[in-house]
Each structure stands twice: as C-alpha cells, then as structure tokens.
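*Asks:* Predicted model follows, preceded by the sequence.
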There are 2 protein chains.
Amino acid sequence: MEQILPHLDSVFSIDCVLFGFDGKELKILLIERNEEPFKDWWALPGNIVGPDESLDQSASRILYELTGLRGIYMEQYYAFGDPNRHPQGRVITLAYYALIRLGGDKELRPISTYAKRANWLPITDLPKLAFDHQKIYDKGLEKIKRRIKHQPIAFELLPEKFTLTQLQHVYELVLGKKLDKRNFRKKIISFGVLKELDEKQKGVSYRAATLYRFDKRKYAKLFGKEISF
Amino acid sequence: MEQILPHLDSVFSIDCVLFGFDGKELKILLIERNEEPFKDWWALPGNIVGPDESLDQSASRILYELTGLRGIYMEQYYAFGDPNRHPQGRVITLAYYALIRLGGDKELRPISTYAKRANWLPITDLPKLAFDHQKIYDKGLEKIKRRIKHQPIAFELLPEKFTLTQLQHVYELVLGKKLDKRNFRKKIISFGVLKELDEKQKGVSYRAATLYRFDKRKYAKLFGKEISF
DNA sequence: ATATAGTGTGTATTTTTTACACTAAGTAAT
DNA sequence: ATTACTTAGTGTAAAAAATACACACTATAT
C-alpha cells in the first residue's frame, strides 16, 4: 500500500457471503483482490451500491456480475460501519448472504476485473481475509445457523433431487453437530414438504438411496411459519 | 412542499423504533416533524450518521439527542434503501429498535429542534407516518415478535420489579395473543432467571401480587441460548 | 460368493406442551 | 363486620414431541 490512494468520502457498499454446498462440504465464495488496498488478499465479493438501485437489486446485480448467478435467494443480514473498517475512507457495507448449490450448470463464470480470480473455499480452512471480512463472514455463519433452525433454508443448498442423507448432511454441517438418522427423517418428513420420487440415486457403489424433491407450494407455506431443530 | 429543497446526493441515516411499555400498553416513540419534507407529519426519530461514528455509537447518540435516554439495549435490524424513499435524494437508512420501560425517571426529555414535539403513541392507534416509516415500523414489530419467542427481551420493557401478570401482559401484547396463566408461569419460572422478592405490589385495590426481578447473571447466560414461546 | 458401504425402518422412554377451574387474599362499599 | 369485587396463585391429567437406540436390506465391486 505504498501508492497514494484516493479518499472515499462516504460510500455505501454491499458484500455477499455466498455459502455453497457441493454435496460434501460447505464452502464460501471468495475473490483474490487485484487492487489496493489488500491487493492479493482474499476477500468477500462486494461492490458499491449504484445511485438508482434498491438494495436488493444492487445485491442481485453484484452477485450476478461476480458469479453469473441469477434468481438466488439472498437476504441482507447486517450493516458494518466501523469508521476505520476501510483504509481509504468511510465505507459502510451491508452484508447479504445466499445459499446455493454447487456443481452442475451452476458453475462460476468469469467475473469483473478487480479480482484476480474467484474460488469456492471450504469453510473449514479459510485464508486470512481482507478488511473486516472475517467478522462479516462470522456473523453470516452465525445467522444461517440460527436461521436453519427455524426456517427451511437447507433446501437452497441442495440440487433439485436429493437424498435424505444429503439433506441431513447439510444440517449437520451448518449446525456443526451430528444428528440421529431416524429422528432426523421422522422430523423432516413431518414437515410435509418432501416429495418422494420413483427415482434412485445413480453412480454410487452401494445401495442407491431414494431421491426426493421438495414441494414448492407447501414449502412456501411453511416458510412463513416457525419450525424448530 | 412548495419550496425548493436541497438535493441530498447520498446520505446514510439511522432511524429508531422505540417500543415502550407503560405497564398497560405498548407504545412507540414518534416525533412531529417541523421541517419539509413531511412537515407536520409524524415520523420515527432518526438522523444522519456522523463521519467518525460507528453505527451503534451513532444510534446511541441519536437516541440520546432525541430522548435523553442512555444505556438502552438497541439493535440494528434492517436497512431500507429504496431509491425513492426520500424525496430529496438517496437516503439509505438503517433501522434500530429498542425496548424500554416508560414512566418513573425514564421520562422523555426535550429534543432537537427539527421536531415540533415527541410523543409515545400506542401502537394500536398510529397516525400516518412520514417517508416509509410505516414499513420500517412494521418490520420492527415483526422482528421483536420473532425475537421475543427465542430470547428473553421482554424484561427490557418492564420496571426492575414486576409481577408475573405484567410480564405475561408484555408477551401477550407483543405476540398479539392470549396465553394461559398457569402454563406461562410454569414456563417462565423454568428458565430460572426470575428471583422472587419478599415484596408485594402496592397501590392496587385488590390482592397485591408478588414482585419479581430477574437475575442478571443467569439472564446473561440464557441470552446466548435459544428459548421458545 | 462374499465383502463392503450406505439405506431404511420401529419402539419404548422421557420431556414438553397443552387444556382446564377453583380457592385465597386483599380492597372497597355498605 | 359482612359482603361484593377483583386479581393472585396453584396442580394434574392427557397429548404431543423429542430422544435414545440396533439391525436387516440392497446394490456394487471383487
């Protein structure tokens, strides 16, 4: 950071914490910065809110520009505004999170040039992050931990067709603890949002599990209500 | 709004939704605006974030300036940033809520001049609000409804010593439904944060109820955990 | 055929939630 | 002092939900 940087008088930005699930691990999307400050550091994808955008629109645009993804369930969760959080001036940032499934057609597409590259990194082994992004990420994880207990957001992380074991796996990863298989199935089925398919898992070298998808209509109803894990 | 108003290029503000309980009703604090836009309308108390303040500091300062209150538990809950929410330009606002007890020494003190007056108004009979403040309030109420189910915030609304009936009353008002007296007491006592006092209610024209206060130490522990109503 | 790895299922126990009604205690009016 | 009034305070039974727990089944690979 030896060059002289322009001073930002007062800027409002959005940062995205994208949780992705590839069927095995929980990951988040990070970019490697190509510009000062924090050149070469890993950071959350984020950008400045445009003058004529709503916040949600802006978040969607930023997500799209950085990942090529559209139509993702995103939600704002916290504003970070420490006066010193950005070395170039006052930047208040609003954090959004999204939960998405990885793999298949949902691969990452090239992104804007201020990043050298973008990558999904497993949350169990994160590098040091730029700015206060570690704090933003921590709060985001905390948020989805709380949220997954009361609302059926786990489905967002799974492919359209999934097995009950995969679903349980997501819960275990997010909550950070083991769950009992029989009790988990009893409960999740009692919510009545799962539809059992006539189809089985393929390409596994053991007994194939039944595939399920969730009933969007019933899911939408459930969404307003409280559930509990 | 006939005069020409200055244009605000990009401003970041904080608005406060203060829920107050006077022992009977749930109220919120509103000010009557003395300036355009929305002159003479009721509005949430709010102001612009200073260049060197953190968000929480700023919220506390604004609350203090407008009410004389200090040391209140406040929490940010949502950012509102529709490009047209403010007629003078782009104003993104961060909403905070607070829960406070009314009466006693906690009376409202005179506030800054951009308001004609400030008043606690019962939430059952609110006037039309300036800007998008109705939306901000609605979201705030929704937030504390959710929150009161999982965290023991109801105590914030009560005086130091209170009766179980008063506590139940708060829950009923916030949740908007009747609760069973015996079941309520069983549950609230099971949390183990209440301390029964040797003292009785005074000045009532019927059998005086036992007063309780809550054990701050145990309360703090409980705060991290999940409870359920 | 056999070893392997994950699938899929039931029951008994404990805990939590719900529904429900009367007596006790203090005040006010006569 | 009796009575009327108003809220305080209490227990139990039934239903529902959460928990703990173990083994046979099935597809594949060798």
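*Replies:* Looks like it came in fine. Source: prediction; values computed, not measured.
*Asks:* Next, the buried residues of the longest helix along chain A.
*Replies:* Determined from DSSP state H, the single longest helix within chain A is helix A:133-150. Residues A:H133, A:I136, A:Y137, A:K139, A:G140, A:L141, A:K143, A:I144, A:R147, A:I148, A:K149, A:H150 are the ones in helix A:133-150 that count as buried (16 or more other Cβ atoms under 10 Å in any protein chain shown). Heads up, the C-betas are built off the backbone N, CA and C, glycines and all.
*Asks:* same question, stretch A:164-180
*Replies:* For stretch A:164-180, a neighbour-count test (16+ other Cβ under 10 Å) marks A:L164, A:Q166, A:L167, A:Q168, A:H169, A:V170, A:Y171, A:L173, A:V174, A:L179 as buried.
*Asks:* same check, this time on stretch A:217-225
*Replies:* For stretch A:217-225, by 16+ other Cβ under 10 Å, it's A:L222.
*Asks:* So the residue nearest to A:K149 when sequence neighbours are not counted, which state does it fall into?
*Replies:* Counting by Cβ to Cβ, 6 or more residues apart in numbering or on different chains, the nearest residue to A:K149 once its immediate chain neighbours are dropped is A:F229, at 4.5 Å. Judged by DSSP: H, G, I helix; E, B strand; the rest coil, the three-state class of A:F229 is coil.
*Asks:* dump the residue contacts of A:F229.
*Replies:* A:I148, A:K149, A:H150, A:Y171, A:L175, A:K187 (Cβ atoms under 8 Å, 6 or more residues apart in numbering or on different chains).
*Asks:* could I get those residues as a markdown table with pLDDT and distance to DNA strand C?
*Replies:* Compiled in a markdown table, those are given as follows (pLDDT from 0 to 100; distance: Cβ to the nearest atom of the strand, whole Å):
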| residue | pLDDT | distance to DNA strand C |
| --- | --- | --- |
| A:I148 | 90 | 19 |
| A:K149 | 89 | 14 |
| A:H150 | 86 | 14 |
| A:Y171 | 96 | 14 |
| A:L175 | 94 | 18 |
| A:K187 | 96 | 11 |
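*Asks:* Out of those residues, flag the one nearest to B:V11.
*Replies:* A:H150 (34.5 Å; Cβ to Cβ).
*Asks:* any idea how far that closest one is from chain B?
*Replies:* A:H150 is 8 Å from chain B, where distance means Cβ to the nearest Cβ, to the nearest Å.
*Asks:* which residue sits closest to that residue, ignoring its sequence neighbours?
*Replies:* Closest residue in space to A:H150, ignoring its immediate chain neighbours: A:E226 at 5.5 Å, by Cβ to Cβ, 6+ apart.
*Asks:* what sits against that neighbour?
*Replies:* Under the criterion of Cβ under 8 Å, 6+ apart, the neighbours of A:E226 are A:H150, A:Q151, B:K149.
*Asks:* which one of those is nearest DNA strand D?
*Replies:* Using Cβ to the nearest atom of the strand, A:H150 comes nearest to DNA strand D of those, at 11.5 Å.
*Asks:* State whether the closest one and A:I227 are indeed in contact, as I suppose.
*Replies:* Yes: taking contacts as Cβ atoms under 8 Å, A:H150 lies within contact range of A:I227: 6.0 Å.
*Asks:* Please name the nearest non-neighbouring residue to A:V170.
*Replies:* A:A154 (4.7 Å).
*Asks:* Can you give me the neighbour number for the one you found?
*Replies:* 25 (other Cβ atoms under 10 Å in any protein chain shown).
*Asks:* mind listing what it touches?
*Replies:* Residues near A:A154 by Cβ under 8 Å, 6+ apart: A:I148, A:L167, A:V170, A:Y171, A:V174.
*Asks:* The fourth one: helix or strand, and which one exactly?
*Replies:* Using DSSP states H and E, the secondary-structure element containing A:Y171 is helix A:164-175.
*Asks:* Between the two ends of stretch A:212-229, how far is it?
*Replies:* Start and end residues of stretch A:212-229 are separated by 20 Å (Cα to Cα, to the nearest Å).
*Asks:* Also stretch A:189-204?
*Replies:* First residue to last in stretch A:189-204 (Cα to Cα) measures 24 Å.
*Asks:* can you list contacts of that stretch?
*Replies:* With contacts defined as Cβ under 8 Å, 6+ apart, stretch A:189-204 is touched by A:152, A:155, A:161, A:163, A:188, A:208-215, A:218-219, A:222, A:227.
*Asks:* Narrow these to those in helices?
*Replies:* A:I188, A:K218, A:Y219, A:L222.
*Asks:* how about these in TSV, adding pLDDT and distance to B:Y73?
*Replies:* Formatted as TSV, the ones in helices among the contacts of stretch A:189-204 follow (pLDDT from 0 to 100; distance: Cβ to Cβ, whole Å):
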residue	pLDDT	distance to B:Y73
A:I188	95	36
A:K218	84	38
A:Y219	80	35
A:L222	75	32
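*Asks:* Let's have the residues you listed in JSON lines, adding distance to DNA strand C.
*Replies:* JSON lines is the format used below for those (distance: Cβ to the nearest atom of the strand, whole Å):
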{"residue": "A:I188", "distance to DNA strand C": "11"}
{"residue": "A:K218", "distance to DNA strand C": "20"}
{"residue": "A:Y219", "distance to DNA strand C": "20"}
{"residue": "A:L222", "distance to DNA strand C": "17"}
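*Asks:* with the residues you listed in mind, which one is nearest to B:L66?
*Replies:* Among those, A:L222 lies closest to B:L66 (Cβ to Cβ), at 40.4 Å.
*Asks:* Distance of that closest one relative to chain B?
*Replies:* From A:L222 over to chain B the distance is 16 Å, taken as Cβ to the nearest Cβ.
*Asks:* does that residue really touch A:H150, like I thought?
*Replies:* No: assessed by Cβ under 8 Å, A:L222 is found out of contact with A:H150, at 10.8 Å.
*Asks:* Just give me the neighbour total for A:N34.
*Replies:* Using other Cβ under 10 Å, A:N34 is surrounded by 13 other residues.
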